[in-house]
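Asker: have a look; sequence and predicted model below, questions after that.
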Amino acid sequence: MTRPAPDCSRPGGRSRSGGGLLSVVIPCHNEQDVIEATQARLAAVLPGTGMEFEVIYVDDGSRDATLARLEAIAARDPHVTVIELSRNFGQQAAMSAGLAAARGDAIVITDADLQDPPEVIPEMVAAWRRGVDVAYGRRRRRAGETAFKLATANLYHRLFAWLIPYPMPVDTGDFKLMDRAVADAVVALPEKRRYLRSLVSWAGFRHEPVWYDRHARAAGETKYSPWNLLKLAGDAVVLSCDAPLRLTWVAAAALALVGITAAGWATLAAWLGPSREGFTLAAVVAAISLAAAVQTAAVAIVGEYVARTFREVQGRPPWVVRQTIGSAESRVTTRAA
Ligand code: UDP
Ligand code: MG
């Protein structure tokens, strides 16, 4: 079925020169120790943007007191909406749930842990007022991360940008402001499983960096073990491009070369005399093992795509909302799938 592309143009569109509504979307999973501080910093910064604002916290199945604290915040602050997901669906789904609920002319996504300082938001708003559609936070420095994480993140960002068939900025995460039109384009996508960072890049529009220093977590602990990060990285690649499938062609070509070399070597060794038999055997065994390994990897890569196709065909919604608390209560119940 072909769907019409969403029309994100705004003929005679809304002005960005003053006023408007700013939405801030924050995914939260077990953030009880930091959430009050985050709200305090946002409440201090957001009025200075000159926009009306709403803050949407998405509680992603927290098992600590995060939800209770968010409810207390929403009870005293009419700017705050809390969307409680029915279980832990993961950060990507939580961010997407918040984005789908946001009503702003501009929408900021940021983490709950103050690693991305809210004080950068006014700079993003200024860029948006100048006509930038996606003002993304680009990290000048990252405090509180291990050398290993910095090195692997650096390498991964560059590899990812190289693999993806559309421009993808490096040294940037989910902290960004996007115009309503960009959010509409992303929310309208029919795919269920989402890697938001690459979807926002896919959408196009005018992107510009806002440079900032990333801080250490204000409180609590990271929700990502190295293993989880690896899984997320693999998911991001497979969801965003088909390069791994194509790379199996390169592996096949390399293997063919190894096979031809081994066959040549074996012929030569047999011709030169029986003393080379052991060596010949080793070369043959190596070539066969290599071929088996690459074939297994190729099947596994195909399997990754088949598994994701299966999930998309199942068509389950990417998240389920248990309840919505606060100003948007009457508005959002479940996501239109
Ligand atoms: N998060 C979430 N669901 C999860 C894991 C994380 O909503 O399953 C949120 C988390 O509360 C935080 C953001 O995603 O606001 C980023 O997580 P974290 O700070 O642990 O990641 P890191 O910055 O260490 O990569
Ligand atoms: Mg963090």
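Answerer: Thanks, I have the structure now. Numbers count the residues shown, from 1 in each chain. Ligands and ions are numbered 1, 2, ... in the order given.
Asker: quick one: average pLDDT of stretch 151-169?
Answerer: Regarding stretch 151-169, the rounded mean pLDDT is 90.
Asker: try stretch 27-39
Answerer: Rounded mean pLDDT across stretch 27-39 is 96.
Asker: that one vs ligand 2: in contact?
Answerer: No. Using CB under 5 Å from the ion, stretch 27-39 never reaches ligand 2; the gap is at least 9.5 Å. For every residue, glycine as well, the C-beta is placed using N, CA and C.
Asker: run through who's touching that stretch.
Answerer: 26, 55, 57-66, 69-70, 73, 77, 80, 88, 91, 94-95, 98, 111-114, 118, 217-220, 223 (CB atoms under 8 Å, 6 or more residues apart in numbering).
Asker: among these, which are located in strands?
Answerer: Mapping the contacts of stretch 27-39 onto strands (DSSP state E) picks out I26, V55, Y57, V58, D59, V80.
Asker: now render the residues you listed as CSV, adding neighbour count.
Answerer: Listed next are the ones in strands among the contacts of stretch 27-39 as CSV, based on neighbours: other CB atoms under 10 Å:
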residue, neighbour count
I26, 25
V55, 26
Y57, 31
V58, 30
D59, 29
V80, 25
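Asker: mind picking the two most distant members of these?
Answerer: Farthest apart among the ones in strands among the contacts of stretch 27-39 by CB to CB are V55 and D59. That separation is 13.0 Å.
Asker: which one of the ones in strands among the contacts of stretch 27-39 is nearest L155?
Answerer: Checking the ones in strands among the contacts of stretch 27-39 against L155 by CB to CB gives I26 as the nearest, at 28.5 Å.
Asker: partner residues bridging the closest one?
Answerer: Here I26 sits in beta bridges with Y57, going by DSSP bridges.
Asker: got a list of what it touches?
Answerer: Residues near I26 by CB under 8 Å, 6+ apart: T38, V55, I56, Y57, V58, G98, I109, T110, D111, A112.
Asker: skip ahead from the biggest helix by length in the chain and say which helix or strand is next.
Answerer: If you go by DSSP state H, the chain has its longest helix at helix 277-314. Next in sequence after helix 277-314, counting helices and strands by DSSP states H and E, comes strand 321-326.
Asker: torsion angles phi and psi at I107?
Answerer: phi -130, psi 130 (degrees, to the nearest 10).
Asker: pLDDT value on it, please?
Answerer: I107 carries a pLDDT score of 97 in this model.
Asker: contact partners for T49?
Answerer: L22, I121, P122, V125.
Asker: try it again with 6 Å
Answerer: Neighbour list for T49: L22, P122, V125 [criterion: CB atoms under 6 Å, 6 or more residues apart in numbering].
Asker: tell me the one among those nearest to ligand 1.
Answerer: Nearest to ligand 1 out of those is L22 (CB to the nearest ligand atom; 18.8 Å).
Asker: just to be sure, the closest one is in a helix?
Answerer: No. Counting by DSSP: H, G, I helix; E, B strand; the rest coil, L22 falls outside a helix, being strand.
Asker: which non-adjacent residue is nearest R69?
Answerer: Closest residue to R69 apart from its sequence neighbours, by CB to CB, 6 or more residues apart in numbering: I35 at 5.2 Å.
Asker: count of neighbours near the one you found?
Answerer: 27 (other CB atoms under 10 Å).
Asker: that one and Q115, how far apart?
Answerer: 14 Å (CB to CB, to the nearest Å).
Asker: same deal with W227?
Answerer: Distance from W227 to Q115, by CB to CB: 21 Å.
Asker: just the ones of the contacts of stretch 27-39 in helices?
Answerer: T66, R69, L70, I73, Q91, A94, M95, G98.
Asker: quick one: which of the residues you listed is most hemmed in?
Answerer: L70 leads the ones in helices among the contacts of stretch 27-39 on contacts (other CB under 10 Å) with 29 neighbours.
Asker: which ones are touching L114?
Answerer: L114 neighbours (CB under 6 Å, 6+ apart): T38, A218.
Asker: residues near L163, how many?
Answerer: Counted with other CB under 10 Å, L163 comes out at 17.
Asker: again with N228
Answerer: Other residues near N228 come to 12 when the count uses other CB under 10 Å.
Asker: per-residue confidence for it?
Answerer: 88.
Asker: that one - that's part of a strand, no?
Answerer: No. Under three-state DSSP, N228 falls outside any strand and is assigned helix.
Asker: which element is A161 on?
Answerer: Element membership of A161, judged by DSSP H and E, is helix 147-163.
Asker: buried ones in the helix-or-strand element of the chain with minimal mean pLDDT?
Answerer: When each helix and strand of the chain is scored by mean pLDDT, DSSP states H and E, helix 243-272 comes last, with a mean of 81. Residues P244, T248, A251, L255, A262, W265, A266, A269 are the ones in helix 243-272 that count as buried (16 or more other CB atoms under 10 Å).
Asker: nearest to R316 among these?
Answerer: Using CB to CB, those come closest to R316 at P244, 24.4 Å.
Asker: that closest one and G303, how far apart?
Answerer: 11 Å.
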